[in-house]
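In: pasting the sequence and the predicted coordinates here, then a few questions.
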Amino acid sequence: MAKEKIGGQKAARRKQRKKKGGITARRKKEFTYRGFSMEELLEMPFDEMVTLLPSRARRTLARGMNQEQRIAFEVLKSGNREVTRTHRRDVPIIPQFVGKRVAVHNGKEFFEFEIKPEMIGHFTGEFAITRHEVKHSGPGVGATRGSKFLPLK
């Protein structure tokens, strides 16, 4: 019986320490990309913003995009549509695209997603997966020698 009291006292002390420590709800951390907030990225000149992107995206924008890429880029940048459907998987995501809905073709269908700040610097095709896991069922009739003598009922 004495042990139960001790356990109860320990639990009570632990609760008091937690209350005293002032455990509060966690605040959501503000998004930053390479040390810049989202507002700073949007106000930044395009040439300066491009220098922050990873090398592959930076080269794509520096060398110039082909006509199809440029059209998809401008349509995404303007954001007049509710969902922008495109086959262009090689368009780099910039801060002006954040919050827009995009449907990218994965070879079979359009995969729709919303562009989030964490996607800056990636390409649109990275978020529309083209491969999927193959799940096989059991062997069919005649697939193995053992299945040769199975009744067909």
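Out: Cool, got the structure.

In: hmm, P117 and F31 touching each other?
Out: Yes - applying C-beta atoms under 8 Å as the test, F31 and P117 come out as touching, 4.5 Å apart. Using the backbone N, CA and C atoms, a C-beta is placed for each residue, glycine as well.

In: need the residues touching each of these two.
Out: Common neighbours of F31 and P117 are listed as M38 (criterion: C-beta atoms under 8 Å, 6 or more residues apart in numbering).

In: and the strands in the protein?
Out: Under the criterion DSSP state E, the chain contains strands at 32-33, 36-37, 83-86, 101-105, 110-114.

In: tell me what the third one is packed against?
Out: Right, strand 83-86. Strand 83-86 is packed against helix 67-78, strand 101-105, with contacts defined by 3 or more C-beta pairs under 8 Å, 6 or more residues apart in numbering; DSSP states H and E.

In: could you do the second one as well?
Out: Contact partners of strand 36-37 among helices and strands, from 3+ C-beta pairs under 8 Å, 6+ apart: none.

In: on that earlier part again, minimum distance to A128: which of the helices and strands packed on strand 83-86 has it?
Out: For the helices and strands packed on strand 83-86, the distance to A128 is smallest for strand 101-105, at 3.9 Å, taking C-beta to C-beta.

In: and N66, how far is that from P92?
Out: For N66, the distance to P92 (C-beta to C-beta, to the nearest Å) stands at 13 Å.

In: with R17 instead?
Out: Distance of R17 to P92, given as C-beta to C-beta: 50 Å.

In: of those two, which one has the most company?
Out: Neighbours around R17 and P92, counted as other C-beta atoms under 10 Å, are more numerous at P92. The numbers are 22 against 10.

In: report the distance from whichever helix in the chain runs longest to the chain centre.
Out: What stands out as the longest helix in the chain, according to DSSP state H, is helix 2-21. Centre-to-centre, helix 2-21 and its host chain are 44 Å apart (C-alpha atoms, centre = their mean, to the nearest Å).

In: swap in stretch 31-44?
Out: Chain-centre distance of stretch 31-44: 18 Å, with C-alpha atoms, centre = their mean.

In: now do the end-to-end distance for that stretch.
Out: Across stretch 31-44, the terminal residues are separated by 16 Å (C-alpha to C-alpha, to the nearest Å).
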